[in-house]
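Chemist: following is a predicted model, sequence given first.
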2 protein chains.
Amino acid sequence: MGAAAERAEEENQEWAGVTPDAARRLVGAAVEAFAERGYHATTTRDIAGRAGMSPAALYIHYKTKEELLYRISGIGHEKALRIMGAAAGAEGSATERLRDAVRTFARWHAEHHTTARVIQYELQALSPEHYTEIADLRRRTDRLLRQIIQDGADSGEFRADDVPGTTLAVLSLCVDVARWFTAQGPRTPDEVGTLYADLVLRMVGAPADRAGSRGA
Amino acid sequence: MGAAAERAEEENQEWAGVTPDAARRLVGAAVEAFAERGYHATTTRDIAGRAGMSPAALYIHYKTKEELLYRISGIGHEKALRIMGAAAGAEGSATERLRDAVRTFARWHAEHHTTARVIQYELQALSPEHYTEIADLRRRTDRLLRQIIQDGADSGEFRADDVPGTTLAVLSLCVDVARWFTAQGPRTPDEVGTLYADLVLRMVGAPADRAGSRGA
DNA sequence: GCCAGTCCTAAGCGCTTGCTCAGCGGCGCG
DNA sequence: CGCGCCGCTGAGCAAGCGCTTAGGACTGGC
């Protein structure tokens, strides 16, 4: 099995909730194309072609090209929210929760950098109604992370004078992974996750208990 | 003078090197439009309209729409390189130079967030030849920052196990300011700069001599 | 007064875009 | 076998795109 086929299979898992099969193939093709060229530079002919269909077939499963982006954004941001929620809802100190949040959130943005690039950098192409809906998901993700940092500041674990500003910086750092990460780079998604978790823990002035640790 | 006129004047200064006047107005209009909607979603009619000209006038000063993006990218990245170079070339400890680099670099990305957004997020729309040329400027900026961090690691001022990774994270953090910053937000560009400088110094484990400081 | 040169516009060309629609093939069911 | 239905295609439409061209209005030099 070639690398392309492997990646295709992984993406099929990523979009497992999308049925029927043709609709799922279209989502995969659209993510690939949007990530590569951007939403506006991608044609419906290109998406359909990558999915092995005629241009008209796209409109059986989606009303418009924008609806495809909306579906991708919705699924992607829900996944991101769930990742952040798992870390925020876990037991443990603020330090442990922050480490876990950054590690998994950054790792996801590296591992699924095509999807992440689309959902993070093509938001402006959504319709106003769809945009506000997606923006709500992002606000909830932000709130979860801010609460972790606030907890750490309250308990004295972290030294964070500006909790909203720090939250913004941490989120920004993780999100931007989608912009620069490529599978050809020197770092695996796992390595990016642990590196970023270490950097962020120092950034908030968390006690340096194995702050330089690597590995699981 | 209204806010729009004030911003227009500031942008005229930013593009002072572009002559004649009509060409400068077109650059300003293009930056605005590209930042707002993205390169591909912007029409030459829109750019010309914002500059108060007919669509055809654009082609007297620029061969193609892509050349406009190329000019903007070149000027913008040269400015970014000069900012980083000023900080890297200054006298002082690695800590002082890193603080200055992050403060000025992040501040520029906030203050000129429209320009920054275009030059950082529309690179893929450049022609291959233009892209490699711009990529070289970015590599030089990266190298300057990496040297500061390397110096700090060598001298023992910083605790950076992974210098290239840390450099990447710091650069990523500053660049991403262009994505989320708006003039309507609660923070001034100056405040973003000092906040980010403090966060980054802690991130590299620099001695906390007034690391929580604020103001000039 | 007249010309050359500069800067701009009105009109529009050739092409691509998102999207539509009439109709076809193949499958399940009786 | 024959029928209905679902998934799909080939062909193409209206609109908008980047860009071109012919020509007009203004300016400075003589």
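Modeler: Received the coordinates, thanks.

Chemist: what parts of chain A come near DNA strand D?
Modeler: With Cβ under 7 Å from any atom of the strand as the criterion, chain A meets DNA strand D at residues A:20, A:22, A:48, A:52-57, A:60-61. C-beta: built from backbone N, CA, C; applies to glycine.

Chemist: could you rerun that using 6 Å?
Modeler: Within chain A, the residues that sit near DNA strand D (Cβ under 6 Å from any atom of the strand) are A:20, A:22, A:53-57, A:60.

Chemist: mind checking the longest helix of chain A?
Modeler: As assigned by DSSP state H, the longest helix anywhere in chain A is helix A:128-155.

Chemist: before we move on, the earlier item: and the residues of chain A next to DNA strand D as CSV, adding secondary structure?
Modeler: As requested, those are exported to CSV (DSSP: H, G, I helix; E, B strand; the rest coil):
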residue, secondary structure
A:P20, coil
A:A22, helix
A:M53, coil
A:S54, coil
A:P55, helix
A:A56, helix
A:A57, helix
A:I60, helix
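
Chemist: circling back to that earlier point, what is the longest helix of chain A packed up against?
Modeler: Applying 3 or more Cβ pairs under 8 Å, 6 or more residues apart in numbering or on different chains; DSSP states H and E, we find helix A:128-155 packed against helix A:65-89, helix A:94-111, helix A:163-175.

Chemist: kindly recompute the last result at 10 Å.
Modeler: Counting contacts by 3 or more Cβ pairs under 10 Å, 6 or more residues apart in numbering or on different chains; DSSP states H and E, helix A:128-155 packs against helix A:65-89, helix A:94-111, helix A:113-121, helix A:163-175.

Chemist: quick check: mean pLDDT of the last one?
Modeler: Think helix A:163-175. The average of the pLDDT scores along helix A:163-175 is 98.

Chemist: pLDDT-wise, which helix or strand of chain A ranks last?
Modeler: Within chain A, no helix or strand scores below helix A:3-14, which has a mean of 58 by mean pLDDT, DSSP states H and E.

Chemist: the residue nearest to A:E96 when sequence neighbours are not counted: neighbour count?
Modeler: The spatially closest residue to A:E96, leaving aside those adjacent along the chain, is A:A90, at 7.7 Å (Cβ to Cβ, 6 or more residues apart in numbering or on different chains). Neighbourhood size, A:A90 [other Cβ atoms under 10 Å in any protein chain shown]: 12.

Chemist: next: A:H40.
Modeler: Using other Cβ under 10 Å, A:H40 has 18 other residues around it.

Chemist: which SS state does it fall under?
Modeler: Strictly by three-state DSSP, A:H40 counts as coil.

Chemist: wait, doesn't it sit right on A:F34?
Modeler: Yes: counting by Cβ atoms under 10 Å, A:H40 touches A:F34, with 9.5 Å between them.

Chemist: now list whatever residues contact both of these two.
Modeler: Listed as contacting both A:H40 and A:F34 by Cβ atoms under 10 Å, 6 or more residues apart in numbering or on different chains are A:65, A:122, A:125.

Chemist: would you check that the first one makes contact with A:A41?
Modeler: No: counting by Cβ under 10 Å, A:K65 stays clear of A:A41, with 12.0 Å between them.

Chemist: of these two, who's got more company?
Modeler: A side-by-side neighbour count of A:K65 and A:A41, using other Cβ under 10 Å, places A:K65 first with 19 against 16.

Chemist: setting the sequence-adjacent residues aside, check what's closest to the more buried one.
Modeler: Leaving aside its chain neighbours, A:K65 sits nearest to A:T44 (5.4 Å; criterion: Cβ to Cβ, 6+ apart).

Chemist: from A:G76, how far off is that neighbour?
Modeler: Per Cβ to Cβ, to the nearest Å, A:T44 is found 20 Å from A:G76.

Chemist: again, but for A:Y196
Modeler: Here A:Y196 is placed at a distance of 19 Å from A:G76 (Cβ to Cβ).

Chemist: what about chain A, any weak spots by pLDDT?
Modeler: For chain A, applying pLDDT under 70 flags the ranges A:1-12, A:208-216.

Chemist: for it, which residue gets nearest to chain B?
Modeler: Chain A approaches chain B most closely through A:H40 (3.7 Å), counting by Cβ to the nearest Cβ.

Chemist: list the contacts of the spatially closest residue to that residue that is not a sequence neighbour.
Modeler: Counting by Cβ to Cβ, 6+ apart, B:H40 is the residue found nearest to A:H40 once chain neighbours are left out, at 3.7 Å. By Cβ under 10 Å, 6+ apart, the contact set of B:H40 is A:37-42, A:125, B:34, B:65, B:122, B:124-125.

Chemist: for A:I60, see how far away A:A106 is.
Modeler: Using Cβ to Cβ, A:A106 is found at 38 Å from A:I60.

Chemist: the more surrounded of those two?
Modeler: A:A106 (29 against 10).

Chemist: pretty sure the more buried one contacts A:S172?
Modeler: No: taking contacts as Cβ under 10 Å, A:A106 lies outside contact range of A:S172: 11.4 Å.

Chemist: pretty sure A:A56 sits against A:Y62.
Modeler: No: judged on Cβ under 10 Å, A:A56 makes no contact with A:Y62 at a distance of 11.8 Å.

Chemist: intersection of neighbour lists for the two?
Modeler: Common neighbours of A:A56 and A:Y62, using Cβ under 10 Å, 6+ apart, are A:T44.

Chemist: which of the two has more neighbours?
Modeler: Taking A:A56 and A:Y62 together and counting by other Cβ under 10 Å, A:Y62 has the greater number of neighbours (19 against 9).

Chemist: my guess is the more buried one meets A:Y70, correct?
Modeler: Yes: using Cβ under 10 Å, A:Y62 is in contact with A:Y70, at 9.0 Å.

Chemist: distance of A:A51 from A:V31?
Modeler: A:A51 is 11 Å from A:V31, where distance means Cβ to Cβ.

Chemist: over to A:V200?
Modeler: As judged by Cβ to Cβ, A:V200 and A:V31 stand 28 Å apart.

Chemist: hmm, back to that, overlap in contacts, A:K65 and A:A41.
Modeler: Common contacts of A:K65 and A:A41 (Cβ under 10 Å, 6+ apart): A:F34.

Chemist: isn't A:T167 right up against A:R143?
Modeler: Yes: using Cβ under 10 Å, A:T167 is in contact with A:R143, at 8.9 Å.

Chemist: list the residues that contact both of these two?
Modeler: A:Q150.

Chemist: more crowded one of these two?
Modeler: Neighbours were counted for A:T167 and for A:R143 using other Cβ under 10 Å; A:T167 has more, 21 against 13.

Chemist: may I have the phi/psi pair for the residue nearest to A:Y131 when sequence neighbours are not counted?
Modeler: With sequence-adjacent residues excluded and distances taken as Cβ to Cβ, 6+ apart, A:Y131 is closest to A:L123, at 6.4 Å. Note on A:L123: backbone dihedrals following degrees, to the nearest 10 are phi -60, psi -40.
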